[in-house]
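> dropping the sequence and predicted coords here.
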Amino acid sequence: MSVDIDVQDRVEVARPFEQLSRDELTRAVGLLRSGPAAAESFRFSSVSLREPAKSALKSGVFAREAEAVLVDRATDLAYEAVIDLDTSTVTKWVELPAGTQPPIMADEFAECEAAVVASPLVQEALAKRGITDMSLVAAEPWSIGYWGEDQGGKRIMRALMFTRLEPNDNPYAHPMEDFTVLVDLNKQEVIGIEDDGFLHVPREKNNYHPDFVGPARTDIKPIEITFPQGRNFTVDGNHVDWLNWSFDIGFTPREGLVLHQIGFRDKGELRPILHRASLTEMVVPYGPPTRSQQQKNAFDAGEYNFGYMTNSLELGCDCLGDIQYFDANLVDSVGKPYTITNAICLHEEDDGLEWKHWDFRTNDAQTRRGRRLVISFVVTVANYEYAFYWTLHLDGTIQFEIKATGILSTGGIAPGETTKYGQLLNTDGLYAPIHEHIFNARLDWALDGEKNSVFEVETVAEDTDDPLVSPFYAKRTLLETEKAAAREADPLSHRWWMVASESRTNKVGENTAYRLMPTDPVLMKKKPNNWVTKRAQFATKTIWVSKYEEGERYPAGEYPNQSARLDSDGLPAYVEADESIVNEDLVMWHSFGLNHVVRIEDWPVMPKQMTGFFIEPYGFFDENPTLDLPADNGNTGTNHCSAK
Ligand code: ABN
Ligand code: CU
C-alpha cells in the first residue's frame with residue numbers, strides 16, 4: 001500500500017520533534033486497524049513520531065507522520081508501517097523478513113511470566129527445589145539472543161527463575177541457577193525447560209525495603225531548592241530555552257528521552273551544536289562460564305525499548321527543586337494509547353564553583369558560581385534501574401551521566417563455595433556475577449553548520465635524548481574515512497576526539513570545534529568469536545563516525561532481538577562503504593560504561609554507580625564564555641563574590 005501525496009498539501013508544523021499526542025496515536029492505530037492490521041492477531045510493538053528527514057526540515061515543510069512496528073501473532077511475521085497524519089493515510093506497509101523480531105512488548109513480559117508459572121512442567125521442576133507456592137515464583141523474561149541456531153521464525157524468550165519467601169520479598173535473593181524456561185511469546189506457551197539439575201535455592205532473606213531494614217535514621221535535616229524570583233528557563237511545548245541554551249525535547253519508544261537541535265546563544269547568535277543526541281543502546285554481557293550466566297545478554301534499548309520502561313517521576317524523590325515535567329505518550333501492545341506522566345524531568349541546579357581567581361598582589365578575589373540544567377529520565381529494566389541525565393553547563397559543556405542502581409542480577413552456587421566470576425553476597429550460595437554495561441550514545445553533530453570533520457587528539461612527547469628539553473604537544477590526526485574512525489580510547493595518551501566545523505573559525509583562525517572526552521571507555525570483554533560480541537560490534541570500539549544517512553539510527557541495528565549477526569545492520573553496516581567523513585554531515589557513536597566488578601555493598605540494592613562522558617567546547621568560543629556571570633550569583637546587587 002503506497003500513496004503519493006503532493007508536497008503542497010503539507011501543513012507546516014511548528015515543532016518537528018514533538019512526540020505524538022494520544023489523539024494522534026489513536027488515529028494512527030485506527031488507520032492501521034481499519035486497514036492492513038485489521039486482524040486481532042496484530043500486536044503493536046511501537047507507534048511513535050516519524051521524525052522529519054533533515055532535507056524536509058531544511059525546507060521547513062514536512063508531514064506529521066507516525067511510524068509503527070507490528071507483530072502478527074498468527075503468522076510470526078513482523079511489519080513496519082508509516083502513517084501520514086495530515087492526510088490520514090497508511091503510506092507504507094512492509095512485511096519484514098521472516099525471523100525479524102521487534103522489541104519485546106511490556107505486555108509480553110507479563111504474559112510470559114503467566115505462561116511459565118502456569119506450566120505443569122515448570123511446577124514439577126520447582127517442586128524438586130521445594131517450591132510449591134506458585135504465587136511466590138518470579139519468572140523473569142530475558143531475550144534469548146542468538147547462539148548459532150535459528151528459532152524457525154518463532155518469537156521466544158528465556159525466563160530466569162526466582163522465588164520469594166513472602167509476597168514482598170526480594171526475588172533476586174533466591175535465584176534458581178541453570179534452571180530456565182523457554183516461552184513462545186506469540187503462542188504464550190512454554191516450549192522447553194532447561195534444567196541442569198542444580199537444586200539449591202539460596203534462602204537467606206536480603207531486602208532493601210523499609211519493611212525489612214527497620215526504622216530510617218532521623219538525623220537528616222531538610223534541604224529546599226527554590227527560585228524566589230522565578231525560573232531561568234522557559235518552555236514552549238517541547239522547546240526549552242535556558243540562559244544561553246536552546247533545544248527541543250523528544251521521546252521515542254526505543255531511546256526514551258532525545259534532545260534535538262541543541263544550540264548555544266553566543267552574544268545573541270544561536271549557534272548549532274548537535275542536531276540530535278540520545279542514548280541508543282546498551283548491552284550487558286556476563287562473565288561466569290555457567291550456562292545460564294553465559295546466556296544472559298540484554299540489549300536493553302534495542303530488545304526492550306527504554307521508552308516503555310520509563311518511570312513516572314516523583315517530586316522530591318527523583319528530582320528536587322523547581323521541576324518542569326514532560327509526559328510520554330505510548331501505546332500498549334493492542335494499540336491503546338497511554339501516558340507516562342512526569343516521564344522526563346527538567347530542572348536547574350547550582351553547579352558549584354564555575355571559576356575563581358584571587359589576585360594575591362591586590363587581594364582581589366573574583367569567584368563565580370555555575371548553574372546547570374539537568375534533563376533526565378529513569379528506566380527500570382526488570383532488576384536494574386538506569387537514571388539518565390543530560391546536563392547543560394554555562395561554559396558550553398554537555399555532560400551525559402548515567403546512574404546505575406536497582407538490584408543485581410544474581411546467581412546461585414553451592415553454599416560454602418566461592419567463585420572468581422563474581423562476588424559472594426551471603427553464605428547461602430548467593431552471588432552476583434561479574435558483568436559489563438556497555439552503552440552507546442548517538443551524537444548527530446551540526447557544529448556551526450551541517451558539515452564537520454573529526455580529529456583524534458593525543459598528547460605526545462617528541463623524541464629526544466636531551467635531559468633539559470623534552471617537548472610534548474597535542475597531536476591532531478584527521479580521521480578521513482568511516483573505517484579509520486572506528487577507534488579505541490587510550491587514557492594514557494589522553495586520547496579524545498574533536499569535531500570541527502568546516503565553515504567557521506574562531507578569533508585565532510582555527511576551525512571552531514567541540515571535543516568528546518571518553519571518561520569511561522570500557523569495551524566488550526567477551527572474545528571476538530562469541531555470539532554476544534558479534535551481535536554487539538558497537539561495543540568493540542570507543543567511537544565510530546558515520547556519514548549521516550537517514551535510517552541509520554541504532555548501533556546494533558533496527559531489530560537486535562534474536563538477530564543472528566548484526567553486521568548487516570547497525571554500525572558495522574553503517575561504516576561498511578568506508579565513505580569519506582571529511583567535511584560531511586557526521587554522526588558520532590560513543591561506547592562507554594561500567595565493568596561491573598560487583599561489591600558486596602551493591603547488595604541488596606545498589607547505591608548508584610556512575611558512568612558517562614563529556615562534550616566540551618574546544619575553540620568554539622573566543623574566550624571563556626562565562627566571563628559575564630554576575631558576581632552576585634543572581635542575588636541582585638549583593639556582588640559578594642567580587643571582593644577585596
Ligand atoms: N536488567 C536485565 C534484564 C533485561 C531484560 C529483561 C530482564 C532483565
Ligand atoms: Cu551491573
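Yep, that arrived. Ligands and ions are numbered 1, 2, ... in the order given.
> please name the residues that touch the residue of the chain found nearest ligand 1.
Residue of the chain nearest ligand 1, by CB to the nearest ligand atom: Ala382 (3.3 Å). Every C-beta, even on glycine, is put in place using the N, C-alpha and C of the backbone. By CB atoms under 8 Å, 6 or more residues apart in numbering, Ala382 lies in contact with Glu140.
> find the nearest non-adjacent residue to the spatially most central residue of the chain, please.
Residue closest to the average C-alpha location in the chain (CA atoms, centre = their mean): Leu279, at 3.5 Å. The shortest distance from Leu279 to any non-neighbouring residue, by CB to CB, 6 or more residues apart in numbering, is to Ala441 (5.3 Å).
> quick check, pLDDT for that neighbour.
With respect to pLDDT, Ala441 scores 98.
> wasn't it part of a strand?
Yes - assigned with DSSP: H, G, I helix; E, B strand; the rest coil, Ala441 falls within a strand.
> what pairs with it across the strands?
Ala441 forms beta bridges with Leu279, His590, as assigned by DSSP bridges.
> got the contact list for it?
Going by CB under 8 Å, 6+ apart, Ala441 touches Ala277, Ser278, Leu279, Thr280, Phe400, Trp589, His590, Phe592, Phe613.
> which helix or strand contains the first one?
In the assignment (DSSP states H and E), Ala277 maps to strand 269-283.
> any chance of the contacts of Ala441 in TSV, with distance to ligand 1 and pLDDT too?
As requested, those are exported to TSV (distance: CB to the nearest ligand atom, whole Å; pLDDT from 0 to 100):
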residue	distance to ligand 1	pLDDT
Ala277	24	98
Ser278	19	98
Leu279	15	98
Thr280	16	98
Phe400	20	98
Trp589	22	98
His590	22	98
Phe592	18	98
Phe613	22	98
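> buried ones from the residues you listed, can you make that a ChimeraX selection?
Applying 16 or more other CB atoms under 10 Å to the contacts of Ala441, the buried members can be selected in ChimeraX as follows:
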select :277,278,279,280,400,589,590,592,613
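> any chance of the contacts of Ala441 in CSV, with distance to Asn207 too?
As requested, these are arranged in CSV below (distance: CB to CB, whole Å):
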residue, distance to Asn207
Ala277, 38
Ser278, 35
Leu279, 30
Thr280, 34
Phe400, 32
Trp589, 39
His590, 37
Phe592, 32
Phe613, 34
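> and this protein, which residues reach ligand 1?
Listed as neighbours of ligand 1 in the chain under the rule CB under 6 Å from any ligand atom: Glu140, Trp142, Ala298, Asp300, Tyr304, Val381, Ala382, Asn383, Tyr384, Ser409.
> off-centre distance for the strand or helix carrying Trp390?
In the assignment (DSSP H and E), Trp390 maps to strand 384-393. Centroid separation between strand 384-393 and its chain, computed with CA atoms, centre = their mean, to the nearest Å, is 9 Å.
> neighbouring contacts of it?
By CB under 8 Å, 6+ apart, the residues outside strand 384-393 that reach it are 242, 245, 247, 256-257, 259, 262, 277, 279, 282, 300, 306, 311, 318, 351, 370, 372-379, 398-407, 409, 608, 612.
> got the buried residues for that strand?
Residues of strand 384-393 classed as buried: Tyr384, Glu385, Tyr386, Ala387, Phe388, Tyr389, Trp390, Thr391, Leu392, His393 (neighbour count, 16+ other CB under 10 Å).
> I'd assumed Thr505 was in contact with Thr512.
Yes - assessed by CB atoms under 8 Å, Thr512 is found in contact with Thr505 at 6.6 Å.
> between these two, who's got more neighbours?
Thr512 (23 against 13; other CB atoms under 10 Å).
> tell me the mean pLDDT over the strand or helix carrying the more buried one?
In this structure, Thr512 is located in strand 511-517 according to DSSP H and E. Regarding strand 511-517, the rounded mean pLDDT is 98.
> farthest pair in the buried residues of strand 384-393?
Greatest spatial distance in those: Tyr384 and His393, 27.8 Å, computed using CB to CB.
> my guess is Phe44 meets Asp72, correct?
No - checked against CB under 8 Å, the pair Phe44 and Asp72 is beyond contact range at 11.1 Å.
> so these two - more neighbours on which side?
A count of neighbours by other CB under 10 Å puts Phe44 above the other of Phe44 and Asp72, at 27 against 16.
> output the below-cut-off pLDDT ranges for the stretch 401-550 of the chain.
Judged against pLDDT under 70, the stretch 401-550 of the chain has no low-scoring part.
> show me where it has its helices.
For the stretch 401-550 of the chain, applying DSSP state H, counting those that start in this stretch gives helices covering 531-535.
> which stretches of it form strands?
Counting by DSSP state E, counting those that start in this stretch, the stretch 401-550 of the chain has strands at residues 411-412, 422-424, 430-433, 435-445, 452-461, 472-479, 496-505, 511-517, 543-547.
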